[in-house]
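# Sequence and predicted model, in that order:
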Amino acid sequence: MWTLALRGGARVAVVAAEWCDAFGVVTRGRVQLELRDGEPGPVLGPDAGFWLRGTGVRALRNPGRRTARVRIVTPRARTVTCQSTHPVRQLPNDGGTT
């Protein structure tokens with residue numbers, strides 16, 4: 001388990017291979033999902049949980065001014081190999097911290 005901290009206005013790319021088994025819960029602030037086509041997706045508030053596997057979400061963004069935090073839970077054993085059905089491109093990281 002780890003925490004992703006997104007400063008106000010920050011954006012972090014979602015790399016399918018790193019997020020395939022992850023479940024996220026917004027613990028502070030708001031986080032907006034950026035969709036595959038670059039369009040803004042839903043804004044998730046505190047206590048909202050989400051899976052990213054198979055959704056095509058390409059980034060997480062903090063639309064607010066204050067730091068948002070997302071708790072990321074992953075299985076202990078990494079025995080499952082995840083493959084995306086969508087092409088994945090690494091996007092620049094402009095301020096998120098892990």
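Structure received.
# so P75 touches A22, yeah?
No - using C-beta atoms under 8 Å, P75 makes no contact with A22, being 9.1 Å away. Every C-beta, even on glycine, is put in place using the N, C-alpha and C of the backbone.
# how about low-confidence regions in this structure?
76-98 (pLDDT under 70).
# mind listing the helices in it by residue range?
With DSSP state H applied, the chain shows helices at 16-19, listed in chain order.
# okay, which residue is most central for it?
Centroid-nearest residue in the chain: L60, 4.5 Å away (criterion: C-alpha atoms, centre = their mean).
# what's the distance between that residue and A16?
For L60, the distance to A16 (C-beta to C-beta, to the nearest Å) stands at 13 Å.
# got it, and L35?
From L35 to A16 the distance is 14 Å (C-beta to C-beta).
# neighbour-wise, which of the two wins?
Set L35 next to A16 and count neighbours by other C-beta atoms under 10 Å: A16 wins out with 20 against 15.
# ok, now which ones touch E34?
Residues near E34 by C-beta atoms under 8 Å, 6 or more residues apart in numbering: R11, P40, G41, V57, R58, A59, L60, R61.
# Just give the nearest non-adjacent residue to it, would you?
A59 (3.9 Å; C-beta to C-beta, 6 or more residues apart in numbering).
# Could you give the bridge partners of that neighbour?
A13, E34 (DSSP bridges).
# Around it, count how many other residues there are.
20.
# So it sits against R11, correct?
Yes - in this structure, A59 is within contact of R11 by C-beta under 8 Å, at 5.3 Å.
# close enough to count as contact, G64 and R7?
No - with contact defined as C-beta under 8 Å, G64 does not reach R7; the gap is 9.7 Å.
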